[in-house]
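Trainee: When you get a sec, could you give me coordinates for this:
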Amino acid sequence: LQVKSENGKTIWNTEEVPEGSEFDDVWDPREQPEYEISFKQCVGVEDVFFGMSRKDPSTACCEDMVIKIKLPETKYSDIALDIQDKVLDLRTPKKKLLLHLPYHVDSKNGKARFLSEEETLEVTLRISREFDFINFA
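Mentor: I've put the predicted structure just below:
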């Protein structure tokens with residue numbers, strides 16, 4: 001395998017570096033919290049009973065991604081959350097989570113709420129796919 005480079009000093013091309021790798025800090029001793037990813041879709045009577053749309057139960061037909069992150073002994077004010085198109089970066093004094101998301105998301109219009117009784121941060125992100133107009137026509 002021979003790699004050609006425009007600049008003889010570069011080791012890799014920019015395209016080869018995964019999105020979000022600038023957030024990864026291997027020297028950070030904080031542990032990763034438990035998390036769970038689920039998917040949500042909007043369905044109506046026409047979808048469920050009449051089958052009038054092209055929606056099916058697969059994740060390809062879901063509009064939202066919901067990430068639930070367990071943060072025991074954490075206050076809402078201690079949470080730092082950064083969402084990029086394909087990366088979720090969460091930091092607290094005791095926990096750190098760098099999550100490469102399975103789909104691109106609308107990073108500007110997500111919602112997050114802290115459920116203090118459950119000590120869980122719930123982040124809802126709108127999935128942004130190039131060909132959604134085919135699934136949701």
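Trainee: which residues in this protein form strands?
Mentor: Secondary structure of the chain (DSSP state E): strands located at 35-40, 64-70, 80-83, 87-91, 96-100, 111-115, 120-126.
Trainee: What pairs with the third one, parallel or antiparallel?
Mentor: Strand pairing for strand 80-83, using DSSP bridges, gives strand 87-91 (antiparallel).
Trainee: quick one: average confidence on the partner strand?
Mentor: Mean per-residue pLDDT for strand 87-91: 94.
Trainee: before we move on, what about stretch 100-110?
Mentor: Averaging pLDDT along stretch 100-110 yields 90.
Trainee: Need the CA coordinates for that stretch. CSV is fine.
Mentor: Only the C-alpha atoms of stretch 100-110 are listed here, as CSV (Å, rounded to 0.1, in the frame of the first residue of the first chain):
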residue,chain,number,x,y,z
HIS,A,100,-20.0,9.2,17.8
LEU,A,101,-23.6,9.2,16.7
PRO,A,102,-25.0,6.6,14.3
TYR,A,103,-26.7,9.3,12.1
HIS,A,104,-26.1,12.9,11.3
VAL,A,105,-28.3,15.2,13.5
ASP,A,106,-29.5,18.8,13.4
SER,A,107,-27.0,20.0,16.0
LYS,A,108,-28.7,23.5,16.3
ASN,A,109,-32.2,22.3,17.2
GLY,A,110,-31.8,19.5,19.8
